[in-house]
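1. Below are the sequence and a predicted model for it; my questions follow.
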Amino acid sequence: MAKVLEVTAADFLPARMTLPALREAAADCKGCDLYKRATQTVFGEGAAHAAVMFVGEVPGDYEDRVGRPFVGPAGKLLDKALVEAGIPRDEVYVTNAVKHFKWEPRGKRRLHSKPSAREMYACRPWLDAEIAVVRPQIIVCLGASAAQALLGKDFRVTKERGRMLKTAWAQWLTATVHPSSLLRIPEGQDREEPYRLFVADLKKVARQLRTLARTPVQV
């Protein structure tokens with residue numbers, strides 16, 4: 001029996017690899033079934049050749065409605081932390097490992113649901129293409145799913161957060177928590193310390209950027 005070839009985002013990649021071309025092509029992606037329940041594709045955005053790329057897991061409910069990444073409550077918290085860390089938001093690129101919102105109903109609300117390994121695999125060509133075009137010096141994975149998409153299922157943010165790792169995708173890669181995890185801390189529990197640690201991780205990124213800026217280019 002002939003093997004049925006799996007459809008993935010690779011089947012929708014454009015011939016010309018530029019961010020505008022990728023964004024336009026991703027709008028019609030049917031590499032997995034998530035597009036059927038999502039409002040639209042939420043592609044990455046930011047500086048075309050950003051020094052830092054932030055990678056989250058999936059778009060949230062608000063991002064799904066407006067079609068832009070990191071513009072909901074978690075995005076606003078990331079904006080605040082970037083200011084405190086000294087990283088200008090308009091000089092970074094933000095995206096997600098999966099480009100369609102995965103959700104499950106809770107009454108009238110649509111709650112985020114973790115993407116499956118198949119969905120992560122199917123969407124991976126978009127992230128690979130973004131990295132190849134933007135060519136960031138540092139990639140920051142926000143949350144376990146984003147980190148495992150690039151570093152494998154055994155990677156643990158709880159153990160490795162804040163460490164600068166040499167990788168094939170960028171000069172440095174590091175992982176920290178997703179800002180949405182800070183928003184989920186119940187009322188009455190300490191929220192200041194987890195946020196302080198998140199900002200501390202981003203400050204390490206800012207310091208690494210300054211070090212890279214001072215490093216002579218090898219010719």
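-> Nice, I can see it.
2. so where is this protein shaky, pLDDT-wise?
-> 1-5, 215-219 (pLDDT under 70).
3. where exactly do the strands run in it?
-> Using DSSP state E, the strands found in the chain span residues 45-46, 52-56, 92-96, 103-106, 109-112, 138-142, 172-176.
4. Kindly reformat those strands as JSON lines and extend each row with mean neighbour count and distance to D128.
-> C-beta: built from backbone N, CA, C; applies to glycine. Putting the strands of the chain into JSON lines (neighbours: other Cβ atoms under 10 Å; distance: least, Cβ to Cβ, whole Å) gives the following:
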{"stretch": "strand 45-46", "mean neighbour count": "19", "distance to D128": "17"}
{"stretch": "strand 52-56", "mean neighbour count": "28", "distance to D128": "11"}
{"stretch": "strand 92-96", "mean neighbour count": "25", "distance to D128": "11"}
{"stretch": "strand 103-106", "mean neighbour count": "11", "distance to D128": "25"}
{"stretch": "strand 109-112", "mean neighbour count": "14", "distance to D128": "23"}
{"stretch": "strand 138-142", "mean neighbour count": "26", "distance to D128": "12"}
{"stretch": "strand 172-176", "mean neighbour count": "24", "distance to D128": "14"}
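5. F54 against V94, yeah?
-> Yes: contact criterion Cβ atoms under 8 Å: F54 and V94 qualify, at 4.7 Å.
6. picking that back up, same list as before, the strands of the chain that is, but in JSON lines and with distance to M120 included.
-> Output for the strands of the chain, formatted as JSON lines (distance: least, Cβ to Cβ, whole Å):
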{"stretch": "strand 45-46", "distance to M120": "21"}
{"stretch": "strand 52-56", "distance to M120": "12"}
{"stretch": "strand 92-96", "distance to M120": "11"}
{"stretch": "strand 103-106", "distance to M120": "16"}
{"stretch": "strand 109-112", "distance to M120": "14"}
{"stretch": "strand 138-142", "distance to M120": "13"}
{"stretch": "strand 172-176", "distance to M120": "15"}
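7. Buried ones in the top helix by length along the chain, by neighbour count?
-> Looking across the chain with DSSP state H, the single longest helix is helix 192-214. Residues of helix 192-214 classed as buried: Y195, F198, V199, D201, L202, K203, K204, V205, A206, Q208, L209 (neighbour count, 16 or more other Cβ atoms under 10 Å).
8. and the fourth one, what does it touch?
-> Same thing as D201. The contact partners of D201, by Cβ atoms under 8 Å, 6 or more residues apart in numbering, come to R161, G162, T174, T176, V177.
9. tell me which of those is nearest to V133?
-> Using Cβ to Cβ, the shortest approach to V133 within the contacts of D201 belongs to T174, at 20.9 Å.
10. Before I go, just wanted to say thanks for your time.
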